[in-house]
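J.: all I have is the shape, not the residue letters:
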Ligand code: NAP
C-alpha cells in the first residue's frame, strides 16, 4: 500500500463551491492544499444549467462554467488536485489519514466539503431530463417557470418552501404528496395551504415523467395509491423535494452528526475533532446555496489556517477551541 511520507498541512475533500473556495483561500496563503475531488468533480452545480443568483454574473453563468472557473482559480494559487474518491478515513489520531483507493494521504487539518446528494425518485428518465424540466432547486430554477405550471414532489419543509417560492412565478403549483398529511412545520404548511396558486394532490406518487431532452417536460404520470388509478397530469416542470442525503458515511464513527446525518459544526465550521472543519451542504440542511457553501468554505479555510498557526505556537491566543489546545498538548507529549 503506497504511503506518502509527507504530512500535508491541509487536505480538502470535495470539489463543489465550498471545496474550491477553501482551496482558493488556503492555497493563496501558500499552504499548497491537496484537494480530493470526488467522483463528480464540481459537485451539484455541474448538473445545472444557468445560475443567475451567484453574485458577480449579471447575465448568469452556466453551472459547469462557474465550477471550472473556481477550479482554475484554486489551481492558479497552487492547489494540488487528486482525482478520485476517498475510500476510507482514520480520524482517530493526529495527523489524520485519508485513503484514495489504496493510496494513503496524511494531514494536520482536514476540511470536509463532501456535500449532500438530493434524493431522487428513481424514475428512468429523471437524470436525462435534469435541467430540462426536472429540478431539485426551486431557488435556482424557479425563475424559469414564470407563467408556467409546475409540480412539487414531497411533503416536508423543503417542498413547502419550494412551492411557496415557485408560486411567485408559476400560475399553478401542484404539490404531490405520498400521504394525506404533511411533514412540514405548521407555519409553512399554513402559508402553502393559504396560497391560491398552490394546490395539493394527496396519497399520490409520481410514477413517470413525460417529455424528452429536446422539448423538455410536458407532464407527469401520477398514481393515486389507495385506488391504484393512474393519470397523466400536464406541467412544464417537476421539482423533486424529497430530502437530501449528506455525504457523511465515511465520518460517522468520528464526527458528531445531527439526526439527519449532517455534520454538526460550531463557532463557524469547527467539528468535534480539532483541526477538522466542515463546510457547505455536508453541514447545512437549510440554505444549500452555492454562495453559502462558498462562504463556509472560506470560513473553514481561515479557521484551518488559525488551527495550524496554533499548532506551532501553543500560547497562540487566536484560536478559542479548547479541543485544539488539548491536541497541542498531546502533540507536545
Ligand atoms: P424531509 O423533512 O425528510 O421531507 C421529505 C419529504 O419527502 C417527506 O414528506 C417524505 O414523505 C417525502 N418523500 C421522501 N421520499 C419520498 C419518495 N421516494 N417519494 C415520494 N415522497 C418522498 O426533507 P426536507 O423537506 O428536505 O427537510 C430536511 C430537513 O431540513 C428537515 O429537518 C427540515 O425541517 C429542514 N428544513 C427546514 C426548513 C425551514 O425551517 N425553513 C426549510 C427546509 C428544510 P413522508 O412525509 O411520507 O415521509
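T.: Looks like it arrived, so ask away. Everything numeric here is computed off the predicted structure, so don't read it as measured data.
J.: now do the contacts for the closest residue to residue 297 other than its chain neighbours.
T.: Spatially, and ignoring its direct neighbours in sequence, residue 297 is nearest to residue 21 (3.3 Å; Cβ to Cβ, 6 or more residues apart in numbering). C-betas here are computed from N, CA, C, even on glycine. Applying Cβ atoms under 8 Å, 6 or more residues apart in numbering to residue 21 gives the contacts 70, 279, 293-295, 297-298, 301.
J.: of those residues, which belong to helices?
T.: 70, 293-295, 297-298, 301 (DSSP state H).
J.: what is the nearest of the contacts of residue 21 to residue 180?
T.: Lowest distance from residue 180 to the contacts of residue 21 (Cβ to Cβ) belongs to residue 293, with 35.4 Å.
J.: and the gap between the closest one and residue 118?
T.: Look at residue 293 and residue 118: by Cβ to Cβ, to the nearest Å, they are 14 Å apart.
J.: just want to know which of those two has more residues nearby.
T.: Shown here are residue 293 and residue 118; by other Cβ atoms under 10 Å, residue 293 has more neighbours (30 against 19).
J.: so that one touches residue 16, yeah?
T.: Yes: with contact defined as Cβ atoms under 8 Å, residue 293 counts as touching residue 16 (6.0 Å).
J.: rewinding a little: would you list the phi and psi of the residue nearest to residue 297?
T.: When read as degrees, to the nearest 10, the backbone of residue 21 gives phi -70, psi -40.
J.: which bits of this structure sit near the ligand?
T.: For the chain, the residues in contact with the ligand (Cβ under 6 Å from any ligand atom) are 119, 121, 153-159, 161, 178-179, 183, 205, 242-244, 260, 285-286.
J.: and with 5 Å instead?
T.: Contact residues (Cβ under 5 Å from any ligand atom) of the chain with the ligand: 154-158, 178-179, 183, 242-243, 285.
J.: in a strand, residue 9, correct?
T.: Yes: per DSSP: H, G, I helix; E, B strand; the rest coil, residue 9 lies within a strand segment.
J.: distance of it relative to residue 311?
T.: According to Cβ to Cβ, residue 9 stands 9 Å off from residue 311.
J.: quick one: the strands in the stretch 151-300 of the chain?
T.: 172-176, 198-201, 204-212, 216-224, 230-234, 237-240, 244-246, 276-278 (DSSP state E, counting those that start in this stretch).
J.: out of the residues of the chain next to the ligand, which are buried?
T.: 154-158, 242-243, 285 (16 or more other Cβ atoms under 10 Å).
J.: would you map out the domains in the protein?
T.: Domain assignment for the chain, taken from automatic domain parsing, gives 4-117+244-332, 120-240.
J.: for the ones you listed, which has the smallest mean pLDDT value?
T.: Of all the domains of the chain, the minimum mean pLDDT falls on domain 4-117+244-332 (a mean of 89).
J.: give me the residue from the protein nearest the ligand.
T.: The minimum distance from the chain to the ligand, using Cβ to the nearest ligand atom, falls at residue 156 (2.4 Å).
J.: if I look at that residue, how far off is residue 282?
T.: On the measure of Cβ to Cβ, residue 156 and residue 282 end up 19 Å apart.
J.: from the chain's centroid, how far away is the helix or strand hosting residue 67?
T.: Assessed by DSSP states H and E, residue 67 sits inside helix 63-76. Distance of helix 63-76 from its chain centroid, counting by Cα atoms, centre = their mean, to the nearest Å, is 17 Å.
J.: swap in stretch 251-271?
T.: Using Cα atoms, centre = their mean, the offset of stretch 251-271 from its chain centre is 14 Å.
J.: what are the buried residues along stretch 99-116?
T.: The neighbour-count check on stretch 99-116 (16+ other Cβ under 10 Å) flags 99-100, 105-116 as buried.
J.: my bad, should have said stretch 226-240
T.: Applying 16+ other Cβ under 10 Å to stretch 226-240 flags 233, 235-240 as buried.
J.: for residue 293 and residue 16, list the residues in contact with both.
T.: Contacts common to residue 293 and residue 16, judged by Cβ under 8 Å, 6+ apart, are 113, 115, 280-281.
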